[in-house]
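Asks: Here is a sequence together with a model predicted from it:
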Amino acid sequence: ISLTAFQQKLAEKLTILNDRGIGMLTRIYNIKKACGDPKAKPSYLIDKNLESAVKFIVRKFPAIETRNNNQQLAQLQKEKSEILKNLALYYFTFPHSVDLSCSELDCMWYIRYIDLFLFSVLVGFILCHAALSSDAAALSLWKLALQSSSCLCLFRDEVFHIHKSAEDLFVNIRGYNKRVNDIRECKESALGSMHRERRKFLRSALKELATVLADQPGLLGPKALFVFMALSFARDEIIWLLRHADNIQKKSTDDFIDKHIAELIFYMEELRAHVRKYGPVMQRYYVQYLSGFDAVVLNELVQNLSVCPEDESIIMSSFVNTMTSLSVKQVEDGEVFDFRGLRLDWFRLQAYTSVSKASLGLADHRELGKMMNTIIFHTKMVDSLVEMLVETSDHWCYRSLSLCNMFLDEMAKQARNLITDICTEQCTLSDQLLPKHCAKTISQAVNKKSKKQTGKKGEPEREKPGVESMRKNRLLVTNLDKLHTALSELCFSINYVPNMMVWEHTFTPREYLTSHLEIRFTKSIVGMTMYNQATQEIAKPSELLTSVRAYMTVLQSIENYVQIDITRVFNNVLLQQTQHLDSHGEPTITSLYTNWYLETLLRQVSNGHIAYFPAMKAFVNLPTENELTFNAEEYSDISEMRSLSELLGPYGMKFLSESLMWHISSQVAELKKLVVDNVEVLTQMRTSFDKPDHMAALFKRLTCAYHVLKRMTIIGVILSFRSLAQEALRDVAMNVYELSSAAGLPCEIDPALVVALSSQKSENISPEEEYKIACLLMVFVAVSMPTLASNVMSQYSPAIEGHCNNIHCLAKAINQIAAALFTIHKGSIEDRLKEFLALASSSLLKIGQETDKSTTRNRESVYLLLDMIVQESPFLTMDLLESCFPYVLLRNAYHAVYKQSVSSSA
C-alpha cells in the first residue's frame with residue numbers, strides 16, 4: 001500500500017499527542033480547581049449584576065438564542081469585551097480539548113491496539129457490562145481489577161471511586177444482583193490487608209536485591225528487568241497507600257498506616273543509586289547484547305519472512321545495521337548513545353503492520369513483535385537509564401520547597417533530641433564520678449574496716465560507677481543502646497546524600513543537623529548551670545565543666561555517624577558563651593556566673609557572712625545566726641576558679657573583671673564624696689602628721705571614718721577575688737595573650753581599674769581639684785586606720801593569714817586604688833604612697849599612748865596592716881617602712897597575735 005505523508009509521521013504524532021494530552025488535562029484540572037474555590041473563581045460568575053444572565057445561559061445551554069433575549073443578556077452585552085478578555089484562557093481550553101480528541105481518533109483509526117491497563121479494564125467493563133455475563137475471561141479480568149484498587153487516579157488529586165460507581169450503576173439494572181455481590185466481595189478484598197502483606201514482601205525482596213547488587217554490580221546487566229520490575233511494584237504500592245489513606249473511609253486504620261514505608265522507599269533509592277552508579281556496566285552489557293545476539297536473531301527473523309514490503313524491509317534492515325555497528329569501545333570512549341530514532345521507527349512499523357489491509361500483519365508474526373519489544377528495552381538500558389528510573393520509580397509527587405525544608409528540619413530535630421537524651425545519660429554517668437559522691441563510699445569502707453555497725457541494718461551497698469557497663473548476656477539492651485541504634489539510623493539518613501536539589505535551591509541535610517546541635521548545645525550549657533534567680537542557687541563551676549566535657553564527648557562521637565564539622569559547633573557555641581549575651585540575645589554562662597559572684601557571694605562578704613582567707617586562697621563562710629544556703633569555699637577555691645576560667649575563657653574573665661571594676665568604680669565615687677565633705681580637715685591633717693596633739697583634735701572633727709574604711713575594705717575584697725580569678729586564668733590559659741591583664745598576668749598598675757576610674761572624670765571639676773581629692777582620699781584612709789583597733793573582728797588569725805572582717809584586703813585596695821588614681825592624674829605613685837605610709841604610721845603610733853583598752857583591743861593586729869601594705873606594694877620597701885614605723889613594734893605585734901591565737905585555741 002502507498003503511505004501518505006500523514007501516515008509516515010504517525011509515530012511522531014502519537015508521541016506529541018501523548019504529551020499534549022497531559023498538558024490539556026492540566027489545564028482542565030486548573031480550571032476545575034479555580035472555579036471550585038470562591039476566592040479564585042472568576043468574578044463574572046459571582047457578580048450579582050450578571051446573575052440573571054448566567055442563570056439564563058446555564059438553563060438554555062448549549063442552544064442559546066441571543067436575538068430575542070436582549071433583556072436577560074443586556075448587562076452581559078455591556079461588559080462583553082471585558083468578559084471575553086478575562087475568560088479567554090478558560091474558553092480556548094475547551095476547543096483545544098475537542099481538537100485533541102479528534103486528532104487522537106484520527107490517529108487511532110489505523111491502530112488495532114487494546115489498552116489493558118487497570119483504568120481501561122475497569123471503565124471499559126462498566127460501559128460494556130454485557131460482556132461480563134457472556135465471557136468468563138472478561139469476568140475474571142474484571143474481578144481481578146476490582147480487587148486491586150478501590151479508587152483510581154484521574155489526575156493529580158482527582159480520584160474515581162470505582163466500587164461505588166459500579167455498584168450504583170448495576171443496582172438499578174435487573175438481573176445484576178450477582179454482579180453487585182461480586183463488586184462488594186472485591187471491595188472487601190481491595191482493602192489494605194493484602195497490600196500490607198505485599199509491601200512487607202517487597203521490603204524484604206528489595207533489601208536482598210540491593211544487597212546482592214551492591215556485592216556483585218555485574219549482575220545489573222542480566223537482572224536489569226528484575227530491578228525495574230521491583231521498582232515499579234514498590235512505586236505502585238506506595239502510590240496505592242497514599243491514595244487510599246486519604247480517599248477511603250476506613251473502619252480500621254491499621255492497614256493504611258505503614259511505619260515501615262520509609263524503609264521501602266530507602267531500598268528503592270538504593271536500587272536507583274546502584275543503577276546510576278553502575279550505568280556504564282549496564283551499557284557495556286547491553287551494547288554487546290544488542291550487537292552480538294539481538295541483531296543476529298532479528299536478521300534471521302527478517303530473512304524468514306515470507307512477505308516483506310519495501311518500506312517495512314527498509315526499516316527492519318536499519319534496525320539490524322544500527323545494532324550491528326555497536327561496539328564496547330563506544331562505551332569506553334564515553335560516547336553518548338541515542339536510540340530514539342530506532343524506537344520511533346518501531347512505533348511506525350507497528351502502525352504500518354496493524355492496519356486492516358497490511359501485507360505484513362504483525363499479529364501473524366508474534367515472534368517478531370516480541371523480539372522488537374525486547375530490543376526496545378535493551379536500547380533503553382543503553383541510552384535512557386535515567387528516564388527508565390523516572391518512569392518506574394519517580395517518587396516525587398511534586399517538588400515543594402516548604403515540604404522539603406520541613407522534612408529535613410523534622411529529621412534533624414529527631415536526631416537532636418536523641419543526641420540530647422544520650423548527653424543527659426552521659427552527664428549523669430559523669431556526675432557519679434564527682435569527688436562529692438565518694439564520701440559515702442569512703443565512710444562505708446572505714447566502717448567496714450573498723451567493724452562499726454551502721455545505723456540501719458542491712459543497708460544496701462551503693463553501686464559504684466561503671467556497673468552499667470557490666471552485662472550478663474548479649475540480649476540485655478539498655479536505654480542507651482536503643483538511643484544509639486535510633487541515632488545511627490537517623491544519621492545514616494542525614495548523611496546519605498550530601499545535597500538535595502529542588503528547583504533552583506540546594507538543601508544540605510547535614511547543615512540542618514549542625515544548626516540544631518548549635519542551638520541545643522547553647523541551651524543545654526545554660527541549662528546545666530541550674531541558675532535559680534529566686535533562691536540564688538547555681539551549679540559549681542567544676543560540676544558544670546564536667547557536664548560540658550561529657551556533652552562535648554558525645555557530640556564528638558557524632559562525627560562517627562555523619563560527616564559534620566563538630567569543631568565548628570564548639571567554636572560557635574563556646575565562644576558565644578564567653579560574651580555577655582549570645583547571638584539570640586539570651587544570657588550566657590558568663591553573665592550568669594558574673595551576676596552570681598557579684599550579687600550573691602561578694603554581697604555576703606560585704607554583709608560580714610563570708611571572709612577571704614589568704615592562707616586558703618578562698619572565701620569561707622563565717623559562723624552566723626542565719627546560715628547561708630551555699631558554702632562559699634566550694635565556689636571560690638583554686639579548683640573552682642580554674643574551672644570557671646576554663647569555662648569562661650579569657651574573654652569571659654575579662655567581662656567578669658570589667659564588672660568587678662564597675663563596682664569598685666562606684667565605691668571610689670562614694671569615697672570621693674566623703675573626701676569632699678571633709679576636705680578642709682584632711683588638708684590640715686596632711687601637713688600636721690608630726691603634731692600629735694593637733695592631729696588628735698583634727699581627727700575628732702572627721703566624719704564617716706568608719707564608712708571610708710568599710711568601702712576600702714569592700715574594694716579590697718573585690719580586688720582579692722579578682723586576683724584569685726586572674727591567678728586561675730593564668731594557670732589554665734597561659735597561651736592566651738590578648739592583653740597581659742586579660743591573660744591573667746599580674747601588672748603593677750591594673751589597666752582595667754584605670755579604665756573604670758577614668759570614666760568618673762567630671763567636667764565641673766578641674767584636673768587639679770581631681771588630683772587633690774585623690775591625694776586627700778589616701779590621707780582619709782591613713783588617718784582612719786586607728787579606728788580599726790577597737791573592732792572585735794579586727795583580730796588577726798595566723799591560721800588564715802588574715803582578719804575575720806576582711807581588713808587585710810585593705811592592703812590590696814590601697815595599693816591598687818593609689819596606683820590607678822595617680823596614673824590617671826599623672827602624679828607620682830611612689831611619693832603619694834610614701835605620704836600615705838607616713839600618715840598611717842603616725843596615726844597608728846598614737847594608739848600606743850591610749851589608755852582606754854576598748855580602743856586598743858586589737859592594736860597589734862592593726863599594726864600588721866602596715867607590713868601587708870608594704871609587702872603588697874611594688875612601690876614601697878621595708879626600709880622605708882622602718883624609717884616611719886619601728887620594726888620592733890611589728891616583730892612584737894606578730895609575736896603577740898600568734899601568742900593570742902595559741903591561747904584562744906587552747
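Replies: Yes, it's here.
Asks: contacting residues around residue 506?
Replies: Contact partners of residue 506, counting by C-beta atoms under 8 Å, 6 or more residues apart in numbering, are 499, 500. From N, CA and C alone the C-beta is placed, and that goes for glycine too.
Asks: What's opposite it in the beta bridge?
Replies: According to DSSP bridges, the residues that bridge with residue 506 are residue 501.
Asks: Check the spacing between it and residue 847 real quick.
Replies: The gap separating residue 506 from residue 847 is 82 Å, by C-beta to C-beta, to the nearest Å.
Asks: With residue 613 instead?
Replies: Relative to residue 847, and taking C-beta to C-beta, residue 613 is found at 26 Å.
Asks: The stretch 751-900 of the chain: strands as residue ranges?
Replies: 796-797, 802-803 (DSSP state E, counting those that start in this stretch).
Asks: swap that for the chain, sorry
Replies: With DSSP state E as the criterion, the chain has strands at 151-155, 158-161, 500-502, 505-507, 610-613, 618-621, 796-797, 802-803.
Asks: nearest to residue 886, of those?
Replies: strand 796-797 (18.6 Å; C-beta to C-beta).
Asks: Can you add mean pLDDT and give the strands of the chain back as a markdown table?
Replies: Output for the strands of the chain, formatted as a markdown table (pLDDT from 0 to 100):
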| stretch | mean pLDDT |
| --- | --- |
| strand 151-155 | 78 |
| strand 158-161 | 81 |
| strand 500-502 | 84 |
| strand 505-507 | 89 |
| strand 610-613 | 88 |
| strand 618-621 | 88 |
| strand 796-797 | 84 |
| strand 802-803 | 84 |
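Asks: Please name whichever of these is nearest to residue 376.
Replies: strand 151-155 (26.5 Å).
Asks: From residue 566, how far out is residue 413?
Replies: Residue 413 is 18 Å from residue 566, by C-beta to C-beta.
Asks: If you count surrounding residues, which of these two has more?
Replies: A side-by-side neighbour count of residue 413 and residue 566, using other C-beta atoms under 10 Å, places residue 566 first with 17 against 14.
Asks: Model confidence at the residue in the chain sticking out farthest from the centre, what's the number?
Replies: Going by C-alpha atoms, centre = their mean, the residue of the chain most distant from its centre is residue 693, 76.2 Å out. At residue 693, the predicted lDDT confidence score is 78.
Asks: So which residue is smack in the middle of the chain?
Replies: residue 516 (0.7 Å).
Asks: Not counting its neighbours along the chain, what's nearest that residue?
Replies: Once flanking residues are discounted, residue 516 sits nearest to residue 416: 4.2 Å by C-beta to C-beta, 6 or more residues apart in numbering.
Asks: Quick check: the one you found touching residue 518?
Replies: No - if you go by C-beta atoms under 8 Å, residue 416 and residue 518 don't touch, sitting 9.9 Å apart.
Asks: how far away is residue 90 from residue 194?
Replies: As judged by C-beta to C-beta, residue 90 and residue 194 stand 43 Å apart.
Asks: From residue 666, how far out is the closest residue to residue 828 other than its chain neighbours?
Replies: The shortest distance from residue 828 to any residue other than its chain neighbours is 6.9 Å, reached at residue 822 (C-beta to C-beta, 6+ apart). To residue 666, residue 822 is 20 Å away according to C-beta to C-beta.
Asks: neighbour-wise, which of the two wins?
Replies: Between residue 822 and residue 666, counted using other C-beta under 10 Å, the more crowded position is residue 822 (22 against 13).
Asks: contacting residues for residue 876?
Replies: 830, 833, 834, 837, 869, 870.
Asks: Roughly how far does it sit from residue 885?
Replies: 12 Å.
Asks: Likewise for residue 694?
Replies: 20 Å.
Asks: more crowded one of the two?
Replies: Taking neighbours as other C-beta under 10 Å, residue 694 and residue 885 compare with residue 885 leading, 21 against 14.
Asks: Can you tell me the closest non-neighbouring residue to the more buried one?
Replies: Closest to residue 885 by C-beta to C-beta, 6+ apart is residue 841, at 4.0 Å.
Asks: For the nearest residue to residue 861 once chain neighbours are set aside, give the beta-bridge partners.
Replies: Nearest residue to residue 861 in three dimensions, chain neighbours excluded: residue 796, at 3.9 Å (C-beta to C-beta, 6+ apart). Going by DSSP bridges, residue 796 is paired in beta bridges with residue 803.
Asks: Confirm for me that residue 796 is in contact with residue 895.
Replies: No - using C-beta under 8 Å, residue 796 is not in contact with residue 895, being 11.8 Å away.
Asks: out of the two, which sits in the busier spot?
Replies: Ranked by neighbour count (other C-beta under 10 Å), residue 796 and residue 895 place residue 796 first, with 26 against 11.
Asks: Look up how far residue 863 lies from the more buried one.
Replies: Distance from residue 796 to residue 863, by C-beta to C-beta: 9 Å.
Asks: repeat for residue 753
Replies: For residue 753 relative to residue 863 (C-beta to C-beta), the value is 28 Å.
Asks: What of residue 472?
Replies: In terms of C-beta to C-beta, residue 472 sits 71 Å off from residue 863.
Asks: what about those two, which has more around it?
Replies: Using other C-beta under 10 Å, the more surrounded residue of residue 472 and residue 863 is residue 863, with 25 against 6.
Asks: show me the contacts for the more buried one.
Replies: Neighbours of residue 863 in contact, by C-beta under 8 Å, 6+ apart: 844, 885, 889, 890, 893.
Asks: Name the nearest residue to the third one, sequence neighbours excluded.
Replies: To tie it back to what came earlier, the one meant is residue 889. Distance criterion C-beta to C-beta, 6+ apart; nearest residue to residue 889, sequence neighbours excluded, is residue 863 at 6.0 Å.
Asks: Run through the residues that contact the residue nearest to residue 828.
Replies: Counted by C-beta under 8 Å, 6+ apart, residue 822 has contacts 774, 828, 829, 832.
Asks: Name the pair among the residues you listed with the greatest separation in space.
Replies: 774 and 828 (12.0 Å).
Asks: Name the residue in the two with the higher neighbour count.
Replies: Each of residue 774 and residue 828 has its neighbours counted (other C-beta under 10 Å); residue 774 has more, 23 against 11.
Asks: list the contacts for the more buried one?
Replies: 821, 822, 825, 827.
Asks: And those residues, which is closest to residue 157?
Replies: Of the contacts of residue 774, the one sitting nearest to residue 157 (C-beta to C-beta) turns out to be residue 821, at 80.4 Å.
Asks: Run a quick neighbour tally on the closest residue to residue 139 other than its chain neighbours.
Replies: If the residues on either side of it in the chain are set aside, residue 139 comes closest to residue 132, at 5.1 Å by C-beta to C-beta, 6+ apart. Other residues within reach of residue 132, judged by other C-beta under 10 Å, total 21.
Asks: And the one 10 residues further on, by the same measure?
Replies: For residue 142, the number of neighbouring residues by other C-beta under 10 Å comes to 24.
Asks: go on, residue 650?
Replies: Using other C-beta under 10 Å, residue 650 is surrounded by 20 other residues.
Asks: again with residue 665
Replies: For residue 665, using other C-beta under 10 Å, the count is 18.
Asks: And the closest residue to it other than its chain neighbours, how close does it get to residue 718?
Replies: Residue nearest to residue 665 in three dimensions, not counting chain neighbours: residue 756, with 4.3 Å by C-beta to C-beta, 6+ apart. Noted for residue 756: a distance of 11 Å to residue 718, by C-beta to C-beta.
Asks: which neighbours do those two share?
Replies: residue 664.
Asks: shouldn't residue 218 be in contact with residue 281?
Replies: Yes - here residue 218 reaches residue 281: they are 6.3 Å apart, a contact under C-beta under 8 Å.
Asks: Of those two, which one has the most company?
Replies: Taking neighbours as other C-beta under 10 Å, residue 218 and residue 281 compare with residue 281 leading, 17 against 13.
Asks: and that one, what does it touch?
Replies: Shown in contact with residue 281 (C-beta under 8 Å, 6+ apart): 217, 218, 220, 221.
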